[in-house]
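3D model of this:
(chains A and B)
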Amino acid sequence: MAHSQSGSGGGIDRRRVLKYAGAAAAAGVAGCGGGGGDGDDTTTTTTTTDDTTTTSTTMEPQEGGTLNVGFESELTGLDPHFTSSVVSWVVVFNICETLITFEDGAPAGRLVDSWDISDDGLEYTFQLKEGVMFHPPTDRELVAEDVVYSYNRMAQENAMGSDLAAMESVEATGDYEVTFTMSQPFAPFFNFIARITWVIIPEEAVEDQGGELGDFQEPVGTGPFRMGEYQPGNFLDLEAFDGYREGFPIPYPYLDKVRVTPIPDASSRVSSIRAGDIDMARNVPGNNASTLQDASDVDLIQQRGTGWAQVHINCSKEPWSNPAVRRAVAHVINRSAIVEAGVFGFGTAAWQPFPEESIWNYDLGDSARQRDVERAQQILDDAGNPLDGVTLQIEANTQYPIMKSTADLLVAELNAAGIDAETQINEWGTQLQRFVQKDYSCQAFSVPFKIDPDRHYYPFLAPDGPQYNQYFEDQPDAQRMYELVQNGRSETEQSTRVDIYTELQKLINKNLPWISVARTDDLVGLRTNVHGYQPWLLPYSRWWTMWKES
Amino acid sequence: MVTRLHEYAAKRLLWAIPVLLLVSIIVSWMVRLVPGDPAIIMLGSDATQEQIMAVRDQMGLDEPFVIQYVQYMTGVVQGDLGVSPLDNRVVTTAIISRLPATIFVTISGFIVSLLIAIPAGTISALRRGTIWDDLGLTFGLLGVSIPNFWLGIVLLLVFGVSLGWFPVTGYVSPLEDPVAGIKYMILPGITLGTAMAAIVTRMLRSELLEEIRQDYLNAIRMKGVSELTVLGHAMKNAFIPVITVIGLQFGYLLGGSVIIEEVFTIPGMGRLLVNRIRDRDYVMIQGIVLVYTTFFVLVNLVVDLTYFYLNPRLRDE
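Next up is the predicted model:
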């Protein structure tokens, strides 16, 4: 049976979404399924204050004003199909729109009213909303040809080419109907199109700016805000787009303007919000959180589980190629200490990427290896003490505290267990290069959650992918794990995919190409006169729902 | 009329050319020695090998270093510093837009340091052995010992957050709004200028102590002039070596502005440089370092010329 859905609920009745998102956030039950990526993705949202929920429903939203937002870094490129900068994605999220998005864990239309997926998973048909306008200077209605143009642009190799490899064609089958044809079933596709940067843009605006990938630095979209003045490094203004879904029951966006100011130093960012220079501070580090918790005019918003920390292992390198070594290390690791030290308690110990509220959270039974130092020593003894005379090296960097803490504490625990180990600190760029080139033995790592589990598993394990963990056929259960990552792609029934990934995650916990360590939270500072904050699946703010109390 | 000063200036400017060439070679070579593939950093861990290869090709990273360097310098001599692959920004445009902020921060640090150092050094020397001298010496010690990023954060917390006298972060160009612009520059200026003030205070104190012991001052006094005029003569001579130190310190202020821009969120060249080093944006790094070097060379030239002008013995030779 074909899967048909209406996306109008998520797209039109925003007042309902506002309430639900708030309630879901307060209850700690939020979405799942995705987020934007690589920046994509994730899952659960929870707020530590109920301010946004309460005030949103009890106070009448006020229109106008400027929201000043402090960013953790400068914007590096704004071409939606080319940039890989997280802060740029936040801006893109408010200027341009994707075909679908996720609301309360379920897919919902953003630019489409409904969709249909064929039984064989080879054809996806979307019905576009009518009357959606592009920002000036394009100033015309979005039609199916814009979707075709945008997806062909994304399909270039240095854009999202590899993610769209299975897309055979995209065609306008009507003024407001688009049909994607796949060469083979590719289940992650439907989640991928909700990724933040998979947005629809007008060809003429791209041509006006040079036409090439990377040239579109003043994005024109259909979103609630349009690009205003931009002084790189100083500020970027987003101005309310009057034509945003005219006739819409809620006058989104409430704000007249959002001013984005990069304040890379975390202490300065926190000082700025305390002084009232900015209304919202993104990415507050755990060690600065208490300062905001103590401030009477600032709320701390905690969005749970937006990052995932692991210890990655190169299974082709001695002594890590020995499964007994990996198993022993997995029993030594002290997850709760790492969460305390690395993110000051703003996170949870984790044995899998997705949190409990997510549909992608798996019942792992007893496959999760708990901390048990005696068991670790027993495993090594049984294996003939392969670590005698060996010093394990755990790579990390100082840019991401969770990675550094994971490495430091793992080394300390290994030493306490009588295993020689040391931390090797590299600059982040160096560490990443060593990882991508598989020129490492063991690295503390962290990634944002992915919109689809495929991205958590396929590149790391599949023989036709980069195989970052070098988990070759000589490793236990390798063939079965290869089959599972492949089946996860080709199976389109979601419940079956959950079963597939459950089995895969169990095998990962058994054989440990990597060791899952923790899920980390995202912290945002918000002045108490700012309301309507709705956490999304990922830490990308929807500024159009927010308003300022004058 | 061509004077010795002109000749000297022309010679020094010509020398700047090999210096800049050498710096361009060293910088271009060293950024490529630093581990971390720009394409990988740009694309992140999810990138496929094909994606990485496509971006590397686009950046021209697979060409030999010599080819990359020659291509780059061919553009540079024509005034084209290249285009950043990260955001398609023309490097020259990016630098021109960031340069004013860096210059304002540096100048504000320079002014603050002289406003502190000249009176402090003078009073310290003239009131030697008194509490004023002790205060001057203590400031001289503390000023060079306190890390400026720490001082910046403390100033932010006290005068920005607690007292609310100054904006905590941000930047307004003094050319657009002089009052707001100066307000934004005061804390960064103090943070940046403190270390230089301390060094110049100590230097001026010791030079002035040396000078006020000289006999020629008594001869001047015998002409019946005021003590202020006597001090003026002493200061002029004491300043000759101090000028050299000030010039060198001005160069360090340019470098120090990198950290100040980060702490106070000033959109200058320094912050851009830090970001782009992290991103391995070779073209942008090379362009910014070349501009910094040019400034350093020019500042040194101005200092030498001032020294030349102030020191009659050099002029007469």
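
near chain B, which residues of the stretch 101-250 of chain A?
With C-beta under 8 Å from any C-beta of the partner chain as the criterion, the stretch 101-250 of chain A meets chain B at residues A:157-158, A:161-162, A:210, A:214-215, A:217, A:231-234. To be clear about C-beta, it is placed using only N, CA and C from the backbone, and glycine gets the same treatment.

Show the buried residues in those residues.
A:157-158, A:161-162, A:214, A:217, A:232-234 (16 or more other C-beta atoms under 10 Å in any protein chain shown).

for those residues, which one is nearest residue B:293?
residue A:233 (21.1 Å; C-beta to C-beta).

got TSV for the residues of the stretch 101-250 of chain A next to chain B, with distance to residue A:182 too?
Shown next, in TSV, are those (distance: C-beta to C-beta, whole Å):
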residue	distance to residue A:182
A:157	18
A:158	22
A:161	15
A:162	15
A:210	31
A:214	27
A:215	29
A:217	32
A:231	43
A:232	39
A:233	42
A:234	44
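
what residue ranges in chain B score low on pLDDT?
In the predicted model, chain B carries pLDDT under 70 at residues B:1-2, B:312, B:314-317.

And the spatially most central residue of it, how far from chain A?
Geometric centre of chain B, nearest residue: residue B:254, 1.5 Å, by C-alpha atoms, centre = their mean. Residue B:254 sits 17 Å away from chain A, going by C-beta to the nearest C-beta, to the nearest Å.

Verify the contact between that residue and residue B:102 for me.
Yes. Residue B:254 sits in contact with residue B:102 when judged by C-beta atoms under 8 Å, with a separation of 7.3 Å.

does the residue of the stretch 151-300 of chain B found nearest chain A count as helix, strand or coil?
Of all residues in the stretch 151-300 of chain B, residue B:267 sits closest to chain A, at 3.2 Å by C-beta to the nearest C-beta. Three-state assignment for residue B:267 (DSSP: H, G, I helix; E, B strand; the rest coil): coil.

Once you drop chain neighbours, what's closest to it?
Excluding the flanking residues, the one nearest residue B:267 by C-beta to C-beta, 6 or more residues apart in numbering or on different chains is residue A:233, at 3.2 Å.

next one: phi and psi at that neighbour?
Main-chain dihedrals, residue A:233, degrees, to the nearest 10: phi 90, psi -20.

From residue B:276, how far out is it?
Per C-beta to C-beta, to the nearest Å, residue A:233 is found 11 Å from residue B:276.

tell me the secondary structure for residue A:84?
coil.

What pLDDT does the model give it?
If you check residue A:84, the pLDDT there is 82.

same thing with residue A:14?
28.

Check residue A:52 too.
For residue A:52, the predicted pLDDT is 37.

ok, now residue A:190?
Looking at residue A:190, the pLDDT reads 92.

What of residue A:401?
On pLDDT, residue A:401 comes in at 87.

ok, back up a step: tell me which two in the buried ones among the residues of the stretch 101-250 of chain A next to chain B are the farthest apart.
A:162 and A:234, at 35.4 Å, using C-beta to C-beta across these.

I figured residue B:160 hits residue B:187, correct?
Yes. Counting by C-beta under 8 Å, residue B:160 does reach residue B:187; the two are 6.9 Å apart.

Compare the two and say which is more crowded by neighbours.
residue B:187 (26 against 23; other C-beta atoms under 10 Å in any protein chain shown).

residue contacts, the residue lying closest to residue A:339 once chain neighbours are set aside?
Once flanking residues are discounted, residue A:339 sits nearest to residue A:347: 4.6 Å by C-beta to C-beta, 6+ apart. By C-beta atoms under 8 Å, 6 or more residues apart in numbering or on different chains, the residues touching residue A:347 are A:305, A:307, A:309, A:339, A:402, A:518-521.

would TSV of those with distance to residue A:223 be doable?
Output for the contacts of residue A:347, formatted as TSV (distance: C-beta to C-beta, whole Å):
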residue	distance to residue A:223
A:305	26
A:307	26
A:309	32
A:339	36
A:402	32
A:518	34
A:519	29
A:520	28
A:521	27
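
farthest-separated two in these?
A:305 and A:402 (13.0 Å).

who has more neighbours, the two?
When residue A:305 and residue A:402 are compared for neighbours, residue A:305 comes out ahead with 27 against 24, by other C-beta under 10 Å.

That one in helix, strand or coil?
Quick answer, by three-state DSSP: residue A:305 is strand.

quick one: residue B:126 and residue B:8, what's the gap?
From residue B:126 to residue B:8 the distance is 35 Å (C-beta to C-beta).

List the buried residues in stretch B:7-27.
Taking 16+ other C-beta under 10 Å as the neighbour-count basis, stretch B:7-27 is seen to contain the buried residues B:9, B:12, B:16, B:23-24, B:27.

what's near enough to touch the residue nearest to the centre of chain B?
Residue B:254 neighbours (C-beta under 8 Å, 6+ apart): B:102, B:106, B:292, B:295-296, B:299.

I'd say residue A:136 and residue A:226 touch.
Yes. Counting by C-beta under 8 Å, residue A:136 touches residue A:226, with 7.1 Å between them.

ranges for the strands of the stretch 401-550 of chain A?
Here the stretch 401-550 of chain A has its strands, by DSSP state E, counting those that start in this stretch, at A:421-425, A:442-448, A:514-527, A:530-531, A:547-548.

I'd like the ones you listed written out as CSV, with mean pLDDT and distance to chain B added.
Formatted as CSV, those follow (pLDDT from 0 to 100; distance: least, C-beta to the nearest C-beta, whole Å):
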stretch, mean pLDDT, distance to chain B
strand A:421-425, 95, 13
strand A:442-448, 93, 7
strand A:514-527, 94, 12
strand A:530-531, 94, 18
strand A:547-548, 94, 19
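
thinking residue B:141 is in contact with residue B:199, fair?
No. In this structure, residue B:141 is not within contact of residue B:199 by C-beta under 8 Å, at 10.8 Å.

Compare these two and say which is more crowded by neighbours.
residue B:199 (21 against 12).

for that one, helix, strand, or coil?
With three-state DSSP as the criterion, residue B:199 reads helix.

Residue A:491: what's it in contact with?
A:185, A:187, A:497, A:500.

run the last query once more with 10 Å
By C-beta atoms under 10 Å, 6 or more residues apart in numbering or on different chains, residue A:491 lies in contact with A:121, A:185, A:187, A:497-500.

That one and residue A:506: what is the separation?
Counting by C-beta to C-beta, the gap from residue A:491 to residue A:506 is 17 Å.

can you pull the contacts of residue A:233?
Residue A:233 neighbours (C-beta under 10 Å, 6+ apart): A:74-75, A:261-262, B:94, B:97-98, B:101, B:171, B:261, B:265-269, B:271-272, B:275.

near chain B at all, the helix ranked longest in chain A?
Secondary structure of chain A per DSSP state H: the longest helix is helix A:494-511. No. Using C-beta under 10 Å from any C-beta of the partner chain, helix A:494-511 never reaches chain B; the gap is at least 17.3 Å.

tell me what that helix is packed against?
On a contact count with 3 or more C-beta pairs under 10 Å, 6 or more residues apart in numbering or on different chains; DSSP states H and E, helix A:494-511 meets helix A:188-192, helix A:323-332, helix A:454-461, helix A:478-490, strand A:514-527.

Just want the angle from the longest one to helix A:494-511.
Yep, that's strand A:514-527 we're talking about. Angle of strand A:514-527 versus helix A:494-511, following axes from the mean of the first three to the mean of the last three C-alpha atoms, to 10 degrees, is 120 degrees.

okay, now residue 292: neighbour count?
Defaulting to chain A. Residue A:292: 21 neighbours (other C-beta under 10 Å).

could you do chain B instead?
22.

do residue B:176 as well
8.

Likewise for the one 10 residues further on?
Counted with other C-beta under 10 Å, residues neighbouring residue B:186 total 16.
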